[in-house]
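Participant: make a model of this:
(2 chains)
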Amino acid sequence: MSEDNLVQIRELKKYFPLTGGVFRKVIGRVHAVDDVDLDIVRGETLGVVGESGCGKTTLGRTILRLLNPTSGQIIFDGKDITHLGGSELREVRRQMQIVFQDPMASLNPRITIKNSVGEPLVVNGIAKGPRMRDMVLELLQKVGLTEAHLNRFPHEFSGGQRQRICIARALALNPKFIVMDEPTSSTDVSVQAQTLNLMKDLQDEFGLTYMFISHDLSVVKHMSDRIAVMYLGKIVELTPHDIFKEAMHPYTFALVSAVPIPDPRFAGKAAILSGEVPSPINPPTGCRFHPRCPFAQDRCSKDIPELRDMGNGHLVACHYAGTLDFGRSAQQEYADSFDVPANA
Amino acid sequence: MTESREDIVLEVHDLFTNFYTFEGTVRALDGVELFLRRGDTMGLVGETGCGKSVTARSILRLVEPPGKIESGKIIYNEIDKQTGEVKPIDILSLSEEELLDLRGEKIAIVFQDPATYPNPVFRIGDQIAEVVLLHQDLRYDVIDMKIEKLEKSLQGESDPDKQVHIKEKIEYYRELRKDPPEPDKKDAKAAAFRRAVNMLNLVRMPSPESIAMQYPHELSGGMRQRALIAMALACDPGVLICDEATTALDVTVQAQVLKLLNHLKKEIGTSIIIITHDMGVVAETCNWVTVMYAGTTVESCATKNLFTRPLHPYTDGLLTAVPKLHENKERLPQILGSVPNLITPPSGCRFHPRCAYATEQCKSVKPKLTELEPEHWVACHNPLN
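Facilitator: Below is the predicted model:
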């Protein structure tokens, strides 16, 4: 089984210290990622969703060792990389890349695209000079850009093109694993469709494994084989199914029910989760969702629920998973309204 | 668009706005046509750079240099509260002083980023009170406040002599209320603050009194956005423009804010323009939609018509390019190419280089917005059917 897993993380924790006072004393900790176990299978796309501040970006960056974990273990391709450093770490990092949310901020405005995309090749001693240029051109063509773009600067491109340049750069070292951190949240719908299609094509071509982080549930659902739902630093549900139809954690159901439905017939039917995400500095005891959960019982405020397998690899961290009746969400009704003509 | 002035609260005709930059003239708005019916919620949708926000800023004359409104007409039809007569106000011909009366009082706007808009160094309540103080007649409020205060002290008073005295005072103020004098500054401020608290209550803030005393950084994004909505609604404007008001929020908080907007519209009867690029938000809140592309209006119709029968190829592309929550598709249909550079916009119909149905006519002749079907305006030579 572990042969199939490209990434395995065990009990991963990442806390950020909060300092205060004259002597910068640690006065608290932000529990950004708290005790996360996760396997990412070779060739799959794992979607990670959650509200802002739930720790999805921190999780992605910690896996790549861009942030050092507080405790826990990260195994990449059968090798424990939790405490690697120096040249060993650099060697592993060739295998894993990240595409950030804001492409303008992640491209150096004073360097041409050729040099930006070619930099990983030069740094790692793979190619330079004319050979580097040829390789960069090949990469750019893969993402739908042409030779004419080689010597241009980032400001000469549109947002969608810039994001494609970032993807080309991530591909430069032929990685196995790419973390996509909200790659389309700053682009428009028509450009978003182009970028998402491109990412799927590249995955098929290079056999990539993606971790796709986004807050847009429809996009994550479109891209992912499995979806992990995070809430306050913890994974509350990990499902290979359609989260719009088969949510088992009350938070997932609430999150899904809040998505606006692009159909005026269903206007005003989205269910609303009251309250806001509590502070990750002092997260609630027991199940972290219990103060907002409509099904919460006494036990939920005391015991921390473990991720349990509910069948077919559908993991849920809820004491009462499977016994709760959420009713039908407007989103389910909406989806079903399309099924009827197809069956009839 | 031949409708009586009573039905339509805001109309924009043939609006041109340019930005004079070093690289050249950006023709941001190229003959925008809009109208907003009284009591409607209209969605203004389109991609980045299509001119949605410039339109909103032009309506309020907030376009700053190097931008300039070149030509066109923006008319706000005000109904006189006493006589019920409709008084059209031509916004583009107003002077700077007259604009101060328009902004905030007749047309209010809520901007996208709740983190940058409330002034960080003033309390939430004071910021809302400032708007009220500038625009509203507070004479009645001040006297009501005083009567309220006296009535409260009357309840706690046991001495009959003093009770008589307080009652006399209340009578005096009741008499005064018929023709209230101009209040002094301190009283007016207190009355404005009281209204601010009422506004916070209206946008369903928990414990509005304490929120009014807090600074913006103490509130979460959703609460700040609600405070901004309260500020915009403080003067009971005829039109509320929400410029991507929920884009920066999480889905669960967004759902809360959208529900609030729906409720407020019923309660206070303001007409709303919601600027967004999310079709889900449009379907959720709006009954009318105007679609913009590259500075032009391409389609304008009722929301349910737009979703069932889009007539413009761009609208159709926009609707199908979004991943649907019910479908399991391998690939998304995409609109080819990208949004044109508005320094050198395409000739004729600005969508023609990306349009699958483009003909020779589309390259040379700019299509006019016409009512192709009843209540359905489209600017296209070859509309879908």
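Participant: separation between the residue of the stretch 151-300 of chain A found nearest chain B and A:L217?
Facilitator: Going by CB to the nearest CB, chain B is nearest to A:P260 of the stretch 151-300 of chain A, at 3.0 Å. Any C-beta I mention is one placed from the backbone N, CA and C, and that applies to glycine too. Here the criterion is CB to CB, to the nearest Å. By it, A:P260 lies 11 Å from A:L217.
Participant: quick check: closest non-adjacent residue to A:L121.
Facilitator: Excluding the flanking residues, the one nearest A:L121 by CB to CB, 6 or more residues apart in numbering or on different chains is A:A127, at 4.7 Å.
Participant: over to the residue of chain B found nearest chain A: give its phi and psi.
Facilitator: Closest to chain A within chain B is B:G280: 3.0 Å, counting by CB to the nearest CB. Phi and psi for B:G280, reported as degrees, to the nearest 10, are phi -60, psi -40.
Participant: domain ranges for chain B, per the record?
Facilitator: For chain B, automatic domain parsing gives the domain ranges B:1-106+B:239-385, B:139-176.
Participant: could you say which helix or strand holds B:S153?
Facilitator: helix B:139-155 (DSSP states H and E).
Participant: roughly how far out does that helix sit from the chain middle?
Facilitator: Its chain's C-alpha centre and that of helix B:139-155 lie 34 Å apart, by CA atoms, centre = their mean, to the nearest Å.
Participant: can you name the residues of the stretch 101-250 of chain B that neighbour chain A?
Facilitator: The stretch 101-250 of chain B comes close to chain A at residues B:220, B:222-223, B:250, as judged by CB under 8 Å from any CB of the partner chain.
Participant: which of these sit farthest apart?
Facilitator: The distance between the two most remote of those (CB to CB) is 12.8 Å, for B:M223 and B:D250.
Participant: which of the domains of chain B sits closest to A:N197?
Facilitator: Per CB to CB, nearest to A:N197 of the domains of chain B: domain B:1-106+B:239-385, 5.3 Å.
Participant: all helices for chain B, in order.
Facilitator: Applying DSSP state H to chain B gives helices spanning B:52-59, B:96-102, B:124-135, B:139-155, B:160-176, B:185-202, B:208-212, B:221-233, B:251-268, B:279-285, B:303-308, B:313-320, B:360-364.
Participant: also the stretch 201-344 of chain A?
Facilitator: Along the stretch 201-344 of chain A, counting by DSSP state H, counting those that start in this stretch, helices occupy A:217-223, A:250-257, A:330-343.
Participant: tell me the centre residue of chain B?
Facilitator: Geometric centre of chain B, nearest residue: B:I241, 0.9 Å, by CA atoms, centre = their mean.
Participant: okay, and the common contacts of A:P260 and A:L217?
Facilitator: Common neighbours of A:P260 and A:L217 (criterion: CB atoms under 8 Å, 6 or more residues apart in numbering or on different chains): B:V251.
Participant: if we can go back for a sec, I'd like the domains of chain B as JSON lines, with mean pLDDT and distance to B:L200 appended.
Facilitator: Listed next are the domains of chain B as JSON lines, based on pLDDT from 0 to 100; distance: least, CB to CB, whole Å:
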{"stretch": "domain B:1-106+B:239-385", "mean pLDDT": "86", "distance to B:L200": "12"}
{"stretch": "domain B:139-176", "mean pLDDT": "83", "distance to B:L200": "16"}
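Participant: coming back round to it: got the angle between the helix holding B:S153 and helix B:185-202?
Facilitator: For helix B:139-155 against helix B:185-202, the angle by axes from the mean of the first three to the mean of the last three CA atoms, to 10 degrees is 90 degrees.
Participant: contacts for helix B:139-155, please.
Facilitator: Outside helix B:139-155, the residues within contact range by CB under 8 Å, 6+ apart are B:163, B:166-167, B:169-170, B:173-174, B:176-177, B:180-183, B:187-188, B:190-192, B:194-195.
Participant: give me that answer again for 7 Å
Facilitator: With CB atoms under 7 Å, 6 or more residues apart in numbering or on different chains as the test, helix B:139-155 has contacts from B:163, B:166, B:169-170, B:173-174, B:176-177, B:180, B:182-183, B:187-188, B:190-191, B:194-195.
Participant: buried residues in it?
Facilitator: B:139, B:141-147, B:150 (16 or more other CB atoms under 10 Å in any protein chain shown).
Participant: still on that earlier bit, is it true that the residue nearest to the centre of chain B touches B:A56?
Facilitator: Yes - if you go by CB atoms under 7 Å, B:I241 and B:A56 touch, sitting 5.0 Å apart.
Participant: which residue ranges form the strands in chain A?
Facilitator: A:5-20, A:25-41, A:45-49, A:71-76, A:79-80, A:96-99, A:177-181, A:209-213, A:226-231, A:234-239, A:308-309, A:315-316 (DSSP state E).
Participant: that older thread, among the helices of chain B, which is nearest A:I63?
Facilitator: Of the helices of chain B, the one closest to A:I63 (CB to CB) turns out to be helix B:251-268, at 24.6 Å.
Participant: how about that closest one and chain A, touching?
Facilitator: Yes - judged by CB under 7 Å from any CB of the partner chain, helix B:251-268 comes into contact with chain A at B:251-253, B:255-256, B:259, B:262.
Participant: export those to CSV and tack on distance to B:L100 and neighbour count?
Facilitator: Listed next are the residues of helix B:251-268 next to chain A as CSV, based on distance: CB to CB, whole Å; neighbours: other CB atoms under 10 Å in any protein chain shown:
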residue, distance to B:L100, neighbour count
B:V251, 38, 23
B:T252, 38, 24
B:V253, 33, 25
B:A255, 35, 24
B:Q256, 33, 22
B:K259, 33, 16
B:N262, 30, 16
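Participant: redo these as a markdown table? Include distance to A:L84.
Facilitator: A markdown table is the format used below for the residues of helix B:251-268 next to chain A (distance: CB to CB, whole Å):
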| residue | distance to A:L84 |
| --- | --- |
| B:V251 | 37 |
| B:T252 | 38 |
| B:V253 | 39 |
| B:A255 | 43 |
| B:Q256 | 44 |
| B:K259 | 49 |
| B:N262 | 53 |
